[in-house]
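1. Here is my input; please provide its structure:
(one chain, ligands or ions: 1)
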Amino acid sequence: MGPVPFYDPEGSRFGIATFPYGLAPQGLATRRQLRRQQLRPAGQQPVAQLMWRSRRTSSAKGVPRGIQVAYLYEIAKARPYRPPSPKQLAALAAALRARRICPTCGVEQPYCLPRRYGQCQACHGWDLPSPEHTPTPSTESMLPAAVQPSTDRRP
Ligand SMILES: [Zn+2]
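-> Model prediction:
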């Protein structure tokens, strides 16, 4: 019988205290487990990690194929997770929209106005196509009269 895989409470093998899935010490939880309790790590560094075999390979750096890891955080240091309220989301959307409306021409642009200029690119004088500012060029007016196609028909 070899040693229990992934059991490294001192972190001598993996650089951080490591436990196999299901054997995490009391008081620690992964980000996902915290979330289920309406908590978030709140800026604390992970104190340990869980490691387990999986058909999916972790995207974390330096983790071998077929192994998944999840950081463990101290539940005691976690803070309540508060999703943004509908009011906060609405305020955010309104603020973003306000940043797209040009105070010079009043047109809502598809981009946020560059803060340096405080107006849209067209009002600022950049040579960029904007349907509100550049008249659509007419093809007919650009053709000289002599090039008009002849209506003559040969007998
Ligand atoms: Zn403008």
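
2. Give me the neighbour count for residue 21.
-> 14 (other CB atoms under 10 Å). Every residue, glycine included, has its C-beta placed from N, CA and C.

3. Where does the residue lying closest to it once chain neighbours are set aside sit: helix, strand or coil?
-> Nearest residue to residue 21 in three dimensions, chain neighbours excluded: residue 52, at 3.6 Å (CB to CB, 6 or more residues apart in numbering). Classification of residue 52 using DSSP: H, G, I helix; E, B strand; the rest coil returns strand.

4. start the count at 53, not 1, going forward
-> In the new numbering, first residue 53, that becomes residue 104.

5. What separation do you get for residue 104 and residue 80?
-> As defined by CB to CB, to the nearest Å, residue 104 lies at a distance of 15 Å from residue 80.

6. who's more crowded, those two?
-> Neighbour totals were compared for residue 104 and residue 80, and residue 80 leads with 21 against 17 (other CB under 10 Å).

7. wouldn't the more buried one be in contact with residue 96 here?
-> No. Using CB atoms under 8 Å, residue 80 is not in contact with residue 96; the gap is 11.1 Å.

8. Strands along the chain, start to end?
-> 70-72, 80-82, 91-92, 100-105, 119-126, 131-132 (DSSP state E).
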